[in-house]
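J.: how does the following fold in three dimensions:
(2 chains)
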Protein chains: 2
Amino acid sequence: MNDMLMHRRALLTALLASTAAATLPLPALAQGDPLPSWNDGPSKKALTDFVAKVTREGGPDFVPAPQRIATFDNDGTLWCEQPMYVQLAFALDRVKAMSNQHPEWKDTQPYKAVLDNDIATLAKSGEKGVAEIIMATHAGMTTEAFAKIASDWIKTARHPKFNKPYTDLVYQPMLEVLSFLRANQIKTFIVSGGGIEFMRPWTERVYGIPPEQVVGSSIKTKYEVRNGVPELVRLPELDFIDDKAGKPVGINSHIGRRPIAAFGNSDGDFQMLQWTTAGDGARLGMLVHHDDAAREYAYDRKSHIGTLDKGLDEGPKLGWTIISMKDEWKTIFKS
Amino acid sequence: MNDMLMHRRALLTALLASTAAATLPLPALAQGDPLPSWNDGPSKKALTDFVAKVTREGGPDFVPAPQRIATFDNDGTLWCEQPMYVQLAFALDRVKAMSNQHPEWKDTQPYKAVLDNDIATLAKSGEKGVAEIIMATHAGMTTEAFAKIASDWIKTARHPKFNKPYTDLVYQPMLEVLSFLRANQIKTFIVSGGGIEFMRPWTERVYGIPPEQVVGSSIKTKYEVRNGVPELVRLPELDFIDDKAGKPVGINSHIGRRPIAAFGNSDGDFQMLQWTTAGDGARLGMLVHHDDAAREYAYDRKSHIGTLDKGLDEGPKLGWTIISMKDEWKTIFKS
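T.: All right, here's what the predicted structure looks like:
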């Protein structure tokens, strides 16, 4: 073999290798197990069967890539929501951090209860009290200032039971679902009852979901030019609640297409899954069932948060899959 | 040369060709002129300079791909908005199409004026009259039914002057801008005062912009289960006006990032360009100036529609580029 030929062979080998990688992306399913933290079981089968169906060109359930939309609730579906919503923990920390600019809070409920760590009194203030705390801590600044506050907080705050950053308490099996879907050109969106601007500063880093694919509850904002500088100022006025029947409305407003797959964990997600799975063709509805007191929390029908009651009864009749964390997840949190 | 070697050569050639296409995507700038319908001039230079700056890794103005957001007004920026907004033409046609279910319209203004083609009387009904016509023709059906109505209409309706489908009256130079930006990983969004659900059924086909990247004005929707079928019903109630100071608000709500480039044609786009170009780093603000009566329309400061007055005076001081359709566009409409 002469040098010229050897040179050609080497070139050919290199080209074959790079061409295979570049022009022949194998289906995600074929590259080993895309869901290694899932035990074999009904949920893993539902996931892989669904993805195979909607991506099989020429098959009866094929969905063109641009129409492949999947929506995910956040609290309790992608990360831990007990013992209280992370955003409420944020609001309570903000009351404490802001209290020296608000000396009157020492003697005014529901702020006094927060400053005294008196959760019983705070709970008595009900939804109205919580809404007041949310507005006091989430409004009055620019959108960019709020994004920095949320972003700084999430880097340092710790979960009271697990003593870890909240962003470490995202579910490894669900991260794998996000990646698996995206590898199959299924676009992933968050559709959460949580605040849209509380989530957006960190969802890209933590879930690979960019701000424009986050739907959530919102307060109003106002465009102003202050001292020649254009700003968006957050107003203490409710704009939209992205929960229950609000979820299909939020999906329509932000996405403009009906999803083909939806993931939730509570009855707040019922309508989102109902709307999603009532569409034509292959559809996937999945509910995370928190039944693992040893590794996370066990709660459903009578929980103070993330109540799953109607979904447990009616979901299976509607073809939804109930995910058992205890039986189906090899690990719970991000590894 | 033996057969084996010939075979290898053919294979090598084929591989080189496919590898070049697959693994060596050249920057859009290097593949010939990405803006062939633009004459050399200040606008073309502003566009190519901006894209070169934000995509040059290691350069002072480099922007990571996920943060590359560009927003486009629709009416008058991407397609013809004279002699009336296309959506108003749609609403007037709908009044006629629906009139046999509404015999009372024959004797009731502003409907009578529409049925009589009496534009002077219709104009006298003012914004209130137009809003009434919009609600009567845009609400009361499901979101999916409305999408079909809009989609069917746009396929058959014709522009009164050019006698072509409206979707043929999109600007070829702007289609090239959309493609040029996307080839450089700049994500393109529509941010229009027009109805979000009027645009979404056809923006993907016409502009390559999917529904989830369309921001616009909206009416409220309500989620209902009717006879066991979940539906989103359009209500005759205003939700959001995506115009003037509403545009930065709509951008924040739907996209959650400040754009790095914004394109408009009227003072309704002023705040969008102001918000965009006030950000740090390289920014691009461009206004299409309708100064071509021969090939399209000429209008600016005193137009009944698409008024461009403040933007003409203040835009250049803010670093915005005014695009002369007459001087800078080789062709106007989609070729």
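J.: name the residues that touch stretch A:311-322?
T.: The list of residues contacting stretch A:311-322 from outside it, by C-beta atoms under 8 Å, 6 or more residues apart in numbering or on different chains, reads A:42-43, A:46, A:264, A:266-267, A:269-270, A:273-274, A:277, A:283-287, A:289, A:300-301. All C-beta atoms are positioned from the backbone trio N, CA, C, and that covers glycine.
J.: what comes up buried for that stretch?
T.: When burial is assessed from 16 or more other C-beta atoms under 10 Å in any protein chain shown, stretch A:311-322 yields the following buried residues: A:Gly311, A:Leu312, A:Gly315, A:Trp320, A:Thr321, A:Ile322.
J.: just those: which are in helices?
T.: Those of those mapping onto helices are A:Gly311, A:Leu312, per DSSP state H.
J.: residues near the residue of the stretch 101-250 of chain A found nearest chain B, how many?
T.: Shortest the stretch 101-250 of chain A-to-chain B distance, computed as C-beta to the nearest C-beta: residue-wise this is A:Pro211, at 3.2 Å. Using other C-beta atoms under 10 Å in any protein chain shown as the criterion, A:Pro211 is surrounded by 23 other residues.
J.: I'd guessed it sits against B:Ser253; true?
T.: No. Using C-beta atoms under 8 Å, A:Pro211 is not in contact with B:Ser253; the gap is 10.8 Å.
J.: which among the contacts of stretch A:311-322 are in contact with chain B?
T.: Cross-checking the contacts of stretch A:311-322 against chain B (C-beta under 8 Å from any C-beta of the partner chain) gives A:Gln274 as the overlapping residues.
J.: where does the prediction get shaky in the stretch 151-300 of chain A?
T.: Scanning the stretch 151-300 of chain A for pLDDT under 70 picks out nothing.
J.: coming back round to it: how about the residue of the stretch 101-250 of chain A closest to chain B, nearest residue that isn't a chain neighbour?
T.: Nearest non-adjacent residue to A:Pro211, counting by C-beta to C-beta, 6 or more residues apart in numbering or on different chains: B:Gly256, 3.2 Å away.
J.: let's verify the one you found: helix, strand, or coil?
T.: Under DSSP: H, G, I helix; E, B strand; the rest coil, the three-state class of B:Gly256 is coil.
J.: list the contacts for it?
T.: A:Ile196, A:Glu197, A:Arg200, A:Pro211, A:Glu212, A:Val214.
J.: can you redo those residues as TSV with secondary structure?
T.: Formatted as TSV, the entries for the contacts of B:Gly256 read as follows, by three-state DSSP:
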residue	secondary structure
A:Ile196	helix
A:Glu197	helix
A:Arg200	helix
A:Pro211	helix
A:Glu212	helix
A:Val214	strand
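J.: what's the most distant pair in the residues you listed?
T.: A:Glu197 and A:Glu212 (12.8 Å; C-beta to C-beta).
J.: and the average pLDDT for the helix or strand where A:Val95 lies is what?
T.: Using DSSP states H and E, the secondary-structure element containing A:Val95 is helix A:86-98. Model confidence over helix A:86-98, given as mean pLDDT, is 97.
J.: same deal with stretch A:40-52?
T.: Throughout stretch A:40-52, pLDDT has a mean value of 98.
J.: please point out which parts of it sit buried.
T.: The neighbour-count criterion (16+ other C-beta under 10 Å) identifies A:Ser43, A:Lys44, A:Ala46, A:Leu47, A:Thr48, A:Phe50, A:Val51 as the buried residues of stretch A:40-52.
J.: which ones among these map onto helices?
T.: Reading helices off the buried residues of stretch A:40-52 with DSSP H, I get A:Ser43, A:Lys44, A:Ala46, A:Leu47, A:Thr48, A:Phe50, A:Val51.
J.: how about those in TSV, adding distance to B:Ala157?
T.: Formatted as TSV, these follow (distance: C-beta to C-beta, whole Å):
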residue	distance to B:Ala157
A:Ser43	48
A:Lys44	50
A:Ala46	44
A:Leu47	44
A:Thr48	45
A:Phe50	39
A:Val51	40
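J.: which strands or helices does the helix holding A:Val95 pack on?
T.: Using 3 or more C-beta pairs under 8 Å, 6 or more residues apart in numbering or on different chains; DSSP states H and E as the contact criterion, the neighbours of helix A:86-98 among helices and strands are helix A:111-115, helix A:126-138, helix A:143-156, strand A:187-195.
J.: how far off centre is that helix?
T.: Using C-alpha atoms, centre = their mean, to the nearest Å, we find the averaged C-alpha position of helix A:86-98 to lie 20 Å away from the chain's own average C-alpha position.
J.: and the angle from it to strand A:187-195?
T.: Between the direction of helix A:86-98 and that of strand A:187-195, the angle (axes from the mean of the first three to the mean of the last three C-alpha atoms, to 10 degrees) works out to 50 degrees.
J.: now do helix A:86-98: everything it contacts.
T.: Outside helix A:86-98, the residues that reach it (C-beta under 8 Å, 6+ apart) are A:75, A:79-80, A:105, A:111, A:114-115, A:130, A:133-134, A:136-138, A:149-150, A:153-154, A:157, A:166, A:194-195, A:198.
J.: would you mind giving the buried residues of stretch A:311-322 as TSV with pLDDT and distance to B:Leu175 added?
T.: TSV is the format used below for the buried residues of stretch A:311-322 (pLDDT from 0 to 100; distance: C-beta to C-beta, whole Å):
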residue	pLDDT	distance to B:Leu175
A:Gly311	98	46
A:Leu312	98	51
A:Gly315	98	45
A:Trp320	98	43
A:Thr321	98	43
A:Ile322	98	48
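J.: Serialize the buried residues of stretch A:311-322 to JSON lines and add fields for distance to B:Leu35.
T.: Conversion of these to JSON lines gives the following (distance: C-beta to C-beta, whole Å):
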{"residue": "A:Gly311", "distance to B:Leu35": "52"}
{"residue": "A:Leu312", "distance to B:Leu35": "57"}
{"residue": "A:Gly315", "distance to B:Leu35": "52"}
{"residue": "A:Trp320", "distance to B:Leu35": "50"}
{"residue": "A:Thr321", "distance to B:Leu35": "50"}
{"residue": "A:Ile322", "distance to B:Leu35": "54"}
